[in-house]
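1. The following comprises the amino acid sequence and a computationally predicted model.
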Amino acid sequence: MAARRTADPAKTRAAVAALAPWLRDENTTAPARTELAEAVRLTARTLAADAPGASVEVRVPPFVAVQCIEGPRHTRGTPPNVVETDARTWLGLVTGLLTVDDAVATGRLTLSGARAGEVAAWLPLLPGVLSGSTDTPAPS
């Protein structure tokens, strides 16, 4: 089996920071699809590296799906624990502009399965990236 692709932290931060105006203001022109895809993929791979495992699948269609969080491994069919959202919401969660609770309450994030909500303990992945801070606290 091939090794999981990992994300370079500096490249990940730069990819997300490049989208800052759009993330802060939905009326700003949307980024190019390639820029958006890169930021989403790199941050999802960062989550998979930070929270290794295969009990929860995080989906950000059409860009990426990763498995994360220790626990029973899922191998076939529909995963029992799924987190799914759009790219803008995902990047809002990653940067701390949104909380999991707020995203769920507004219908922008779907959690299915008993363990899907555990992803909240790993977010935000890049707090401060939109303000230029480099502080990255450990997950709670």
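-> Thanks, I have the structure now.
2. Do you have the helices of the protein handy? List them.
-> According to DSSP state H, the chain carries its helices in the segments 9-17, 20-24, 33-50, 87-95, 100-105.
3. Show me what the longest one is packed up against.
-> To tie it back to what came earlier, the one meant is helix 33-50. Contact here means 3 or more Cβ pairs under 8 Å, 6 or more residues apart in numbering; DSSP states H and E; on that basis helix 33-50 packs against helix 9-17, strand 56-60, strand 64-68, helix 87-95. Heads up, the C-betas are built off the backbone N, CA and C, glycines and all.
4. Let me have those in TSV, adding mean neighbour count as columns.
-> Written out in TSV, the entries for the helices and strands packed on helix 33-50 read as follows (neighbours: other Cβ atoms under 10 Å):
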stretch	mean neighbour count
helix 9-17	17
strand 56-60	23
strand 64-68	20
helix 87-95	25
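5. Out of those, which gets nearest to G107?
-> Across these, the minimum distance to G107, taken as Cβ to Cβ, is reached by helix 87-95, at 9.9 Å.
6. That concludes my questions; thank you for your assistance.
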